[in-house]
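Enquirer: generate a structure from the sequence data that follows.
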Amino acid sequence: MTKEKMKATILGRIILGLMLFTMMVVPAMATVAGPYPPDEGTLIIHKYQGSLSGAAHNGTQLAVPPTNTPINGVVFSIYQVDISSGMPAAPAGAIYSLNSAGDEMTVYASDGTTVLGTFDVDFIATDVTANVATWGPGTIVFDELDQGVYLVVEDDDHASSAPKDPDGTPVTISTLTPNFLVAVPMTNPAGDGWLEIVHVYPKNESMSVEKDITDPPTFAVVVGDEIDYWIEATIPADIADANFFNIIDKLDAAFTLDISSVEVFGLPGMDPLVIVDDYTVALDAATNTMTVAFVKTAGFETLSDYAKVRVEFTVTVNEKLYLKTDEAFNTNIIGNEANVYFMNEGGDEFEPNTNGGGPEVYTGGIKITKYAETQAAGPLTGAEFKIADTLAHAQVGEFLRLDANGKILTPTDAGYGTATDYVVTVNASGVGFFMGLLDATGTEASPVYKHYWLVETKAPNGYNLIGEPIEVEFSAAHNETHLILENVFNTKGFTLPSTGGIGTIIFTVAGIVLIGSAIIVALSRKRKSRVTR
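Expert: Sure thing, here's the model as predicted:
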């Protein structure tokens, strides 16, 4: 190898080494020393539920507690402020208002009326919080920003935002982040250099509400069963000055609320709140809606000591369970959603809910679809069925009965003699439901599945009754739906000749002729007998 080639190789290695060093070190350098700011910088917005209490927002990256959940789907826009005539005022509580055209910013004192200055602004970019590589969820990165001062604006009223936690569950932002200013690059905390990468954690408040069952039932629920529910809602930071804060649960018609069972607690700690002093409970009988309304101002002050509020209550499954007999496959599902109604001091309203009904419970059901000889022949209407818990009971006509409260009774239960048979008549589509059945007993690990026997007590017009009870058995296959689909077929009945037709006349005339002939023969024999004598 020549000396020239060796020199070129060594130089190339040195340059490559410097490039690699630069690639490794420069991105990690958040602070740049020197009296003059870099020409460009990066702004990173981190959106979390709740403000980061006690954290110094100095442009550096913060260690966020796990209790603060990042929020994706929130839109922010940034505008560069023209500071050629001087820096905007930044006193405590200053309000930075953007005009509708998006080209001018007015700075107000905290009273909201005193104007401290007006500045031209240029729109730079809009983005939405998301899971950004390196920085994680709830993040927006505005890169390669020219040195300057920027106005940051959260999407007003969230017209474009769709806030969600990292799992995709929607959340409600109760208090928008006020517009704020940030310098990019920014003087570092030590005051001896510059932050090229500026992190901001805008104060924000979000609301969420959850609903669940304290001890979810293993098997299908039946009339008379009690179910314990809880609802938890986050408490806004500005609750003390709020106008309204209510937790509302529109219960399914198949649930009867025990209003005396309602209890309210502050979380963490499960500290009980005091009814009347801190909250009231009401039930709208017409809509079966429970409202827990927190008292202004005493109740709000109590809530301000907590992060969440928890409402616990008990419902009983009632006879309206049997009214859930439409043709939907999920007719045996009982669910409902809870929501919060919050109005802050400024009159802004927020109504987060459990998005789709919260926890669902099921009752056991048998869906009968009545057909002629084949499904192709179409459904039949007019059939009537009863149901028994054993084959022996079905054979002697001792069927399940409903008491005055809609509870299902077997022949061995007290009160059976005064109850009425549980009867189902199929509708015009040939469909009927036996609802409110228990599908299994035992334990979740060792279930004992129930058998039932269907008996047709009235056949469709022109068809024969089914001669034997039809056995229907719940099984592990019905664990999720708790519903059995049973197709029942009938055969044509025997049709006798109708009276009054021509056939009847012919037989009648023939009979009269035969009877007349017999009488004539008898009289003739009688006369011969007399002559012989």
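
Enquirer: am I right that Ala477 is in a helix?
Expert: Yes: counting by DSSP: H, G, I helix; E, B strand; the rest coil, Ala477 is part of a helix.

Enquirer: any idea how far it is from Val448?
Expert: Distance, Ala477 to Val448, by C-beta to C-beta, to the nearest Å: 15 Å. (C-beta placed from N, C-alpha, C; glycine too.)

Enquirer: and if you look at Ala63?
Expert: 53 Å.

Enquirer: neighbour count for these two, which is higher?
Expert: For Ala63 versus Val448, neighbours defined as other C-beta atoms under 10 Å are more numerous around Val448 (10 against 6).

Enquirer: the strands in the stretch 201-350 of the chain, which residues?
Expert: 205-207, 209-213, 226-234, 244-250, 255-267, 271-272, 279-284, 289-294, 308-317, 333-335, 338-343, 349-350 (DSSP state E, counting those that start in this stretch).

Enquirer: what's the fifth one in contact with?
Expert: Contacting residues not belonging to strand 255-267 are listed as 227, 232, 251, 271-273, 275, 278-279, 281, 283, 288, 290, 292, 302-303, 305-318, 334, 336 [C-beta atoms under 8 Å, 6 or more residues apart in numbering].

Enquirer: what distance separates that strand from the middle of the whole chain?
Expert: Strand 255-267 sits 21 Å away from the centroid of its parent chain (C-alpha atoms, centre = their mean, to the nearest Å).

Enquirer: list the buried ones in it?
Expert: Buried residues in strand 255-267, counted by 16 or more other C-beta atoms under 10 Å: 255-257, 262-266.

Enquirer: please indicate which of the contacts of strand 255-267 are buried?
Expert: Using 16+ other C-beta under 10 Å as the burial test, those include 227, 232, 251, 273, 278-279, 281, 283, 288, 290, 292, 302-303, 306, 308-318, 334, 336 as buried.

Enquirer: in this protein, which helix or strand is least confident?
Expert: helix 3-25 (a mean of 37; mean pLDDT, DSSP states H and E).

Enquirer: and of the strands of the stretch 201-350 of the chain, who's closest to Pro379?
Expert: Closest approach to Pro379 among those is made by strand 333-335 (23.7 Å; C-beta to C-beta).

Enquirer: other SSEs contacting the closest one?
Expert: When contacts are defined as 3 or more C-beta pairs under 8 Å, 6 or more residues apart in numbering; DSSP states H and E, strand 333-335 sits against strand 360-362.

Enquirer: which SSE is immediately downstream of the strand it packs on?
Expert: Downstream of strand 360-362, the next assigned helix or strand under DSSP states H and E is strand 364-371.

Enquirer: contacts for that next one?
Expert: 219-220, 222, 331-332, 377-381, 383, 385, 387, 424, 426, 430-439, 450, 452, 454, 460, 472, 474, 482-490.

Enquirer: now, these that are in strands?
Expert: 385, 387, 424, 431-437, 452, 454, 472, 483-489 (DSSP state E).

Enquirer: flag the shaky bits of this protein, pLDDT-wise.
Expert: Scanning the chain for pLDDT under 70 picks out 1-34, 50-56, 67, 111, 156-160, 174-175, 203-206, 324-330, 355-357, 493-533.

Enquirer: ok, which stretches of it are helices?
Expert: Here the chain has its helices, by DSSP state H, at 3-25, 298-303, 391-395, 502-532.

Enquirer: nice, that's everything, thank you.
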